[in-house]
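K.L.:
need coordinates for the following:
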Amino acid sequence: MHKEMRSGIAKTMSSALLYGFTPSICALTYAMGNNHTSMTFFRNFLAVPALLVLAVWKKTDLRTDRKTFLNIFLVANLGTFITTLLLYSSYSYISVGMATTLHFLYPLLVVIFSFLFYGDKITPQKWCSIGLAGTGILCFLFNSRMGEAKGMLLAFASSITFALYMMLLDKLKLSELDGNMLMFYACSITAAEMYLMNIGTKELIFEQSPKVYGLMLLVALLVSVVANLFLKEGVRILGSTMASFVSLLEPISSIFFGVLLLNESVSVIQIGGCAAIILSIMNLIGFPQIRRVRA
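P.N.:
Numbers count the residues shown, from 1 in each chain. Sure, this is the predicted structure:
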C-alpha cells in the first residue's frame, strides 16, 4: 500500500471520527432549545469565515468558471444542505442511533448508483464488503427501537442524497479542486439557502445561549471545515466507493461519543456490528493488489 493511499485512508478515517462526534453534540444543543434548522444553518454559516481565513492564508484563488460553480452548487445542495437537513430533522422523530444506522446505507448506495449511472463493476471483493457492511448495519438496526415512519424515511432519504454527493464529488472531478474553495462555496450556498428558506418557515433560532453557540461553532470548525476537507481528499485519493466504506467508521465513532457524552449503553450486538464494519473496511483496503481504487 503506497504512501498516498495510506494518507487517503487516514484522512477519511479522521473525517469519520469527527462526523461521529456530531450527533451527540446535536442532541446536547437540542436539549438546550436548539433545533435541526438552526444547527444546519449555523454549522455552515459559522464555517464560512474560517474557510475564508484559510483561503487567504494559503493564497487560494476562489475564482471559478460557470460550469464548475454549477457543479459545486449541485453537490452542495445534495451534501451540505439537503443531507444535513434531512438527517438532523430525523433526530426529532427517531433515536440518533437508528437515524445514523439508516443514513449509513449510503456506502452500499454509492456502489449501486455507480453501477447504474456510470457502469462501474461490482467485484467479488466489493460484494463481500457490502455483505459485511450490511450485516453490521443490521446489527445496529436490530439494537434500535423502531420509531415513527417519518423519521425513518427522513434518515433513509439522507443516505440517498449523501450517496449521490459522494459519487458526484468523484465523478464530476470536484474532489480535484482546492478543498478550501470547494467547501467555502458549499457552506456559503447552504447558509444562504437556509436563510432564504427561513423567510417562509421562521424556524431559525438566533437568540440562544453562549453555550449553544459555542457547541455549534465547535461543530462548524471540526465538521464543516476539517472533516469535510479530509473527506474531500479521501474521495480524491481513494475514489467514492472506497472512501464511503472507510467512512463506515462513523457509526462506531457515534457510539463511542454517545457513551462518552450522553451516557448511552453499548450492547453485545452493537459490538458485533462494529466488528462486521471493521472487517468490511479491512476487506476492501487490505489486499496488496489495490493501488488506487476508483469507484
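K.L.:
next up, phi/psi of the residue lying closest to residue 80 once chain neighbours are set aside, please.
P.N.:
What sits nearest to residue 80 in space, not counting adjacent residues and going by C-beta to C-beta, 6 or more residues apart in numbering, is residue 190, at 4.4 Å. Where C-beta positions appear, they are placed from N, C-alpha and C, glycine not excepted. With angles defined as degrees, to the nearest 10, residue 190 sits at phi -60, psi -50.
K.L.:
surely residue 190 touches residue 46?
P.N.:
No - the pair residue 190 / residue 46 is not scored as a contact, 11.7 Å apart, by C-beta atoms under 8 Å.
K.L.:
who touches both of these two?
P.N.:
Among the neighbours of residue 190, none is also in contact with residue 46 (C-beta atoms under 8 Å, 6 or more residues apart in numbering).
K.L.:
looking at those two, which is more packed in?
P.N.:
Set side by side, residue 190 and residue 46 show more neighbours around residue 190, with 26 against 20, by other C-beta atoms under 10 Å.
K.L.:
so who does that one touch?
P.N.:
Residues in contact with residue 190, defined by C-beta under 8 Å, 6+ apart, are 40, 44, 76, 77, 80, 81, 84.
K.L.:
looking at those, which are in helices?
P.N.:
When DSSP state H defines the helices, the subset of these inside them is 40, 44, 76, 84.
K.L.:
surely the first one touches residue 88?
P.N.:
Yes - between residue 40 and residue 88 there is a contact under C-beta under 8 Å: 5.6 Å.
K.L.:
the more surrounded of those two?
P.N.:
Per other C-beta under 10 Å, whichever of residue 40 and residue 88 has more neighbours is residue 40, with 28 against 23.
K.L.:
mind listing what that one touches?
P.N.:
Counted by C-beta under 8 Å, 6+ apart, residue 40 has contacts 81, 84, 85, 88, 190, 194.
K.L.:
ok, so of the residues you listed, who is nearest residue 272?
P.N.:
The nearest member of the contacts of residue 40 to residue 272, counting by C-beta to C-beta, is residue 88 at 28.1 Å.
K.L.:
pLDDT below threshold where in this protein?
P.N.:
Scanning the chain for pLDDT under 70 picks out the ranges 1, 97, 140-141, 143-148, 258, 261-262, 264-266, 284-295.
K.L.:
longest helix of it?
P.N.:
When every helix of the chain is counted residue by residue (DSSP H), the longest turns out to be helix 3-30.
K.L.:
so which elements touch it?
P.N.:
Of the remaining helices and strands, those touching helix 3-30 by 3 or more C-beta pairs under 8 Å, 6 or more residues apart in numbering; DSSP states H and E are helix 36-45, helix 96-103, helix 210-219, helix 228-238, helix 240-246, helix 249-262.
K.L.:
residues of the third one that come out buried?
P.N.:
Which is helix 210-219. Of all the residues in helix 210-219, those buried under the rule 16 or more other C-beta atoms under 10 Å are 212, 215, 216, 219.
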